[in-house]
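In: Just the structure for this:
(2 chains)
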Amino acid sequence: MQVRVEDNVVEAAPGSTVAGALAQALSGKRFKNAVAARCGAALLDLSATLPDDCAELAPVPADSQEGLEIIRHSAAHIMAEAVKKLFPTAQVTIGPAIEHGFYYDFAYERPFTPDDLAAIEAEMTRIARANHPFACRQVSKDEAKALFAGLGEHYKLEIIEDIPAASVSLYTQGGFTDLCRGPHIPATGFLTAFKLLSVAGAYWRGDEKRPMLQRIYGTAFGDAGDLKKYLARLEEAKKRDHRKLGVALDLFSFSEEAGPGMAIWHPKGELVRTILEDFERKEHLKRGYSLVRGPQILKREMWERSGHYDNYRENMYFTEIDEQAYGVKPMNCLAHMLIYKSRLRSYRDLPLRYFELGVVHRHEKSGVLHGLLRVRQFTQDDAHILCRPDQLLAEITSVITFVKDVLGLFGFEFEAELSTRPVKSIGSDEDWDRATRALTEALSALHMPYEINEGDGAFYGPKIDIKLKDALERRWQCATIQCDFTLPERFDLVYVDQDGSRRRPVMLHRVILGAVERFLGVLIEHAAGVFPTWLTPVQARILTVTEAHDAHAAHVLDRLTQAGIRTEADTRNEKLGYKVREAQLEKIPYLLVVGDKESEDGGVNVRQRGGKELGLMSIDETIALIRADCEEPFKRGGLSYNCCH
RNA sequence: GCCCACGUAGCUCAGUCGGUAGAGCACUUCCUUGGUAAGGAAGAGGUCGCCGGUUCAAUUCCGGCCGUGGGCUCCA
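Out: From the prediction side, this is the model:
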């Protein structure tokens, strides 16, 4: 039979292996780099027999995405072998490749310690050096069950039960056999660059009612250089941790006394927030939104009517006033409904766009709290748009444009995901079709690539989630646009149409940054604490050389402050180098040195964040320079903001 | 919520195999008046997360609680 491998066609005898066909077609180096092969949709082991219907075969190189996954999955098997060798009574469960590595979950009578990890890693190295081949065989489910029952691997039995196929495949390397659909690297020696990273608890099948297993995380790469780069990136992420930078830059803190999951904003952090929020308010006004504000707590009956009491109660806080039950708002929509209902609306009034920087409380489980990224009290840049069905597309389009403009301003890239109707949902097919179509049409009109999460929408409507990518390639969910069919229904929202009939408006929930707290946390890590000049709490600091220059410093401070530039003067009895160092660590964008020359000239000596010295400049020139720097990012999109006022 | 680890001065951390603790930075005072990433000296600062137990004695050992960190359906 003839098989095409890239640009070559090779003659393969029936029953010959995948490796055989590849070896004929590829150079030695490229063949060595292959860990598996692809035939159509199927991934094959190199040791597999070439399928009869295989017309085209593509090597899967070690450094490709698929190759990496195979190496990592194989690393998980090798780790399981090492664990069974060192801890024979441990039971193996599942061990997949994940985005940046792999894990394997074990059931064992005691927790694994860091010392255990070191021992397991050493054993893995030994196994890799031994270069045992991975051998695959197909067996009936009964045969597999008998095998794992004999080994006392109860979790494997449960997995086999759930497999619909009549037979399953087993992979053996060295003395270890695991249930696995494969494929795998040809031999353990292909695992050259790996590291075990951490141990953590994980429920069997992610179900908190089932036993807690021990998950060992590790990572593996095609070569040592990539592994080193990845580990360096982890180190870099640690340095940028917003919790550390928040303390270092004196932005915010958390207090055990105040309570978990609630940030306390210090002067500099609050200043950043205020500027960001001010920018958002102005930008929303420009785009036809109205600013509104609802109460922090609303009567329980409201939450019952909205459905939150039935569907979201676990995450809500309740209180009582004069024997009346109230719920602390976890979302801002209810008051916005009431504003809509406060008078009869005409089709001419729509769309109505209510924007609120709303403070919400959600009872997140204690174990998931994480700095600013997961808190119990936060401020959403939330809006609810009520429009006619024929306005839906235009509204969605303008929201997505808004998101693009704002995320672009901060230099974030992003990805969109469309979530469609889940099984358990309300609303007519027509509603869902129309809304889903509006979402997809808006995405394509704006040339936004997107992924579809089939059936992942909220029960009340389809949605678009936008995930931004930070400087370390991590993804964060921030913006979201959700269609809602239930709330207008439950609150009986209507408008009077052209023909005098009453119609139901369509509702969109949407956030741009999401939560202000989370966005700032992400921004701090993205920028390593270096805020853009327009947003940074202190834009300029005047540094005196000696106390003889205090008077001139006071003059400069006054001029810049009057010009709306956030300025401080450091007149401490310290050497210039010391003041420069501190200001650099605080990441202040402009350092204005005043000494004898500057005092005589009436100017300042400008040093930019990062160390570039611009020399002597007049005060007016300095003000113009800083203002231009503030405005620079806004030139990119359809945005403007006067931050110096 | 669950599993594991951790919790010592404002910050970063050392230390006590049970006898109430120490460094650097920051802070205060003094000396120094110094031109672009740390000038010098002295001083002050801790119920060793909280509560209970064991003990002659607990920051140290044990238990509970609180908080923080890493995880908890990327499916053989």
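In: A:Ser198 pairs with what?
Out: Here A:Ser198 sits in beta bridges with A:Tyr217, going by DSSP bridges.
In: Count residues in the vicinity of it, would you?
Out: 11 (other CB atoms under 10 Å). Heads up, the C-betas are built off the backbone N, CA and C, glycines and all.
In: Could I get the average pLDDT for the helix ranked longest in chain A?
Out: Counting by DSSP state H, the longest helix found in chain A is helix A:65-86. Averaged across helix A:65-86, pLDDT comes to 93.
In: which sections of chain A are below the confidence cut-off?
Out: Where chain A drops to pLDDT under 70, the residues are A:637-638, A:643-645.
In: Nearest to the spatial middle of it, which residue is it?
Out: Geometric centre of chain A, nearest residue: A:Trp476, 2.1 Å, by CA atoms, centre = their mean.
In: Residues in contact with the helix or strand that residue falls within: which ones?
Out: A:Trp476 belongs to strand A:475-484 when elements are defined using DSSP states H and E. By CB atoms under 8 Å, 6 or more residues apart in numbering, the residues outside strand A:475-484 that reach it are A:373, A:392, A:396, A:399-400, A:403, A:407, A:414-415, A:435, A:438-439, A:458, A:460-470, A:506-514, A:518-519, A:522.
In: next one: stretch A:42-54
Out: A:1, A:3, A:12, A:14-22, A:34-40, A:57, A:60, A:66, A:70, A:133-136, A:182-184, A:186.
In: near RNA strand B, which residues of the stretch 351-500 of chain A show up?
Out: Residues of the stretch 351-500 of chain A lying near RNA strand B by CB under 7 Å from any atom of the strand: A:365-371.
In: hmm, try it at 10 Å
Out: Contacts of the stretch 351-500 of chain A with RNA strand B, taken as CB under 10 Å from any atom of the strand, map to A:363-376.
In: Please list all residues in contact with the closest residue to A:Ala416 other than its chain neighbours.
Out: Spatially, and ignoring its direct neighbours in sequence, A:Ala416 is nearest to A:Tyr450 (3.9 Å; CB to CB, 6 or more residues apart in numbering). Going by CB under 8 Å, 6+ apart, A:Tyr450 touches A:415-418, A:440, A:443, A:464.
In: quick one, phi/psi of A:Tyr450?
Out: The phi/psi pair for A:Tyr450 (degrees, to the nearest 10) reads phi -150, psi 160.
In: just to revisit the earlier point, who wins for most neighbours among the contacts of A:Tyr450?
Out: In the contacts of A:Tyr450, the most neighbours by other CB under 10 Å go to A:Ile464, 25 neighbours.
In: Isn't that one up against A:Leu418?
Out: Yes: between A:Ile464 and A:Leu418 there is a contact at 5.5 Å, judged by CB atoms under 8 Å.
In: where do the contact lists of these two overlap?
Out: A:439, A:443, A:450.
In: Confirm the second one sits in a strand?
Out: No: counting by DSSP: H, G, I helix; E, B strand; the rest coil, A:Leu443 falls outside a strand, being helix.
In: Pretty sure it sits against A:Pro462.
Out: No: contact criterion CB under 8 Å: A:Leu443 and A:Pro462 do not qualify, at 11.7 Å.
In: shared neighbours, the two?
Out: Common neighbours of A:Leu443 and A:Pro462 are listed as A:Leu418 (criterion: CB under 8 Å, 6+ apart).
In: still on that earlier bit, so which of the residues of the stretch 351-500 of chain A next to RNA strand B comes closest to RNA strand B?
Out: A:Gly367 (2.1 Å; CB to the nearest atom of the strand).
In: Checking the closest one next. Helix, strand or coil?
Out: Secondary structure assignment for A:Gly367 (three-state DSSP): helix.
In: which residues of the stretch 501-645 of chain A fall in strands?
Out: A:502-503, A:506-515, A:540-544, A:567-570, A:590-594, A:603-608, A:613-618 (DSSP state E, counting those that start in this stretch).
In: same thing with the stretch 1-150 of chain A?
Out: A:2-5, A:8-11, A:34-39, A:42-44, A:56-61, A:91-92, A:97-98, A:101-107, A:134-140.
In: Would you mind listing the buried residues in the strand holding A:Trp476?
Out: Neighbour counts over strand A:475-484 (16 or more other CB atoms under 10 Å) mark A:476, A:478-484 as buried.
In: again, but for stretch A:360-370
Out: Result for stretch A:360-370 [16+ other CB under 10 Å]: buried residues A:360-362, A:364.
In: Just the terminal-to-terminal distance for it.
Out: In terms of CA to CA, to the nearest Å, the two terminal residues of stretch A:360-370 are separated by 17 Å.
In: what sits up against that stretch?
Out: A:260-261, A:314-317, A:328-332, A:374-380.
In: change it to 6 Å
Out: Stretch A:360-370 is touched from outside by A:260-261, A:315, A:317, A:328-330, A:374, A:376-377, A:380, with contacts defined as CB atoms under 6 Å, 6 or more residues apart in numbering.
In: Now the nearest residue to A:Pro186 once chain neighbours are set aside, what are its backbone angles?
Out: Nearest residue to A:Pro186, sequence neighbours excluded (CB to CB, 6+ apart): A:Leu46, at 4.7 Å. Torsion angles at A:Leu46 (phi, psi; degrees, to the nearest 10) stand at phi -60, psi -30.
In: What distance do you get for A:Leu46 to A:Arg4?
Out: With distances taken as CB to CB, to the nearest Å, A:Leu46 is found 18 Å from A:Arg4.
In: quick one, which of the two is more surrounded?
Out: The residue with more neighbours, out of A:Leu46 and A:Arg4, is A:Leu46; 26 against 15, by other CB under 10 Å.
In: From RNA strand B, how far out is the residue nearest to A:Ala21 when sequence neighbours are not counted?
Out: Take A:Ala21 and drop its neighbours on the chain: the residue closest to it by CB to CB, 6+ apart is A:Ala12, 4.7 Å away. Distance, A:Ala12 to RNA strand B, using CB to the nearest atom of the strand, to the nearest Å: 26 Å.
In: beta partners for A:Arg541?
Out: Here A:Arg541 sits in beta bridges with A:Glu568, A:Leu591, going by DSSP bridges.
In: and it, how many neighbours does it have?
Out: Neighbour number of A:Arg541 under other CB under 10 Å is 23.
In: Good, wrapping up.
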